[in-house]
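# Next come a sequence and a model predicted from it.
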Amino acid sequence: MKYKLVCFDIDGTLISDDRQNYWGTLHQEIEGEEEGTRIEEKFHAAFKAGEITYKDWVDSDIRGFQKAGATKEEFLRAARRHTLHPGAREAVHELKRRGYKLAVISGSLNVLIETLFPDHPFDDIFTNLISFDEDGRIASWRDTVFDQGGKHKALHAICKREGIPLAETVFVGDGENDIDILQEAGLGIAFCPKSEKVSKAADVVVTKKDVREILKYLE
């Protein structure tokens, strides 16, 4: 095979985010639509302005959820408001059948992929992590260091561990936080990209919302 490792973004790539990403849905589920949207936009603006780090952003979000008394069920309910993109399950399982190493590299939360794709065959999952106690309350969390300009670092880490050249890697994503890794992967696939910047960073652009479309580039 020309490629040995295929990596995916989650929100907007494997899982639909037509209205908003999972973090946005969480804010609305836990804090209410109007207040949740206000809080999400405030932290996002602070991060973009360089006033807080990515870790600060994640910590602020989850501490806010914790203060609001959020439960595991609310996280699950928010996840179920999203769906896998058409062909996502089929495409990923087909790639595993063909013998590819598979990974997820995303700024989303582990809850989302575990809820909507429990039978996933990924070898590595790099996301923000959250855990709950026996009463369903937030027990702990850990931010990922592989988002917002850091996704390519996860790609390098996997390649080093597995002895795979960067030229033999693929990344599939849709957002501007995917630009660095789209450029560094051997094959960058922009799946229904959210901006022209993302399209220009990729080697291939897929506009049809069916993840099976990527398979033709991996034959």
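Sure thing, it's come through.
# domain parsing for the chain?
5-17+84-218, 22-79 (automatic domain parsing).
# pLDDT of the last one, averaged?
Along domain 22-79, the predicted local confidence has a mean pLDDT of 96.
# Look at that domain and report the distance between its end residues.
Domain 22-79 stretches 7 Å from its first residue to its last (Cα to Cα, to the nearest Å).
# With stretch 136-144 instead?
End-to-end distance of stretch 136-144 (Cα to Cα): 22 Å.
# can you list the residues that contact it?
Here stretch 136-144 makes contact (Cβ atoms under 8 Å, 6 or more residues apart in numbering) with 54-55, 58-59, 62, 65-66, 69-73, 106-107, 126-133, 150. Bear in mind the C-beta positions are built from the backbone N, C-alpha and C, glycine included.
# before we move on, the earlier item: which of the domains of the chain is buried the deepest?
domain 5-17+84-218 (a mean of 19; mean count of other Cβ atoms under 10 Å).
# Tell me the gap between that one and the middle of its chain.
Relative to the centre of its chain, domain 5-17+84-218 is centred 6 Å away, using Cα atoms, centre = their mean, to the nearest Å.
# start to end distance for that domain?
11 Å.
# Quick check: next helix or strand after the longest helix belonging to the chain?
As assigned by DSSP state H, the longest helix anywhere in the chain is helix 33-48. Using DSSP states H and E, the helix or strand that follows helix 33-48 in sequence is helix 54-67.
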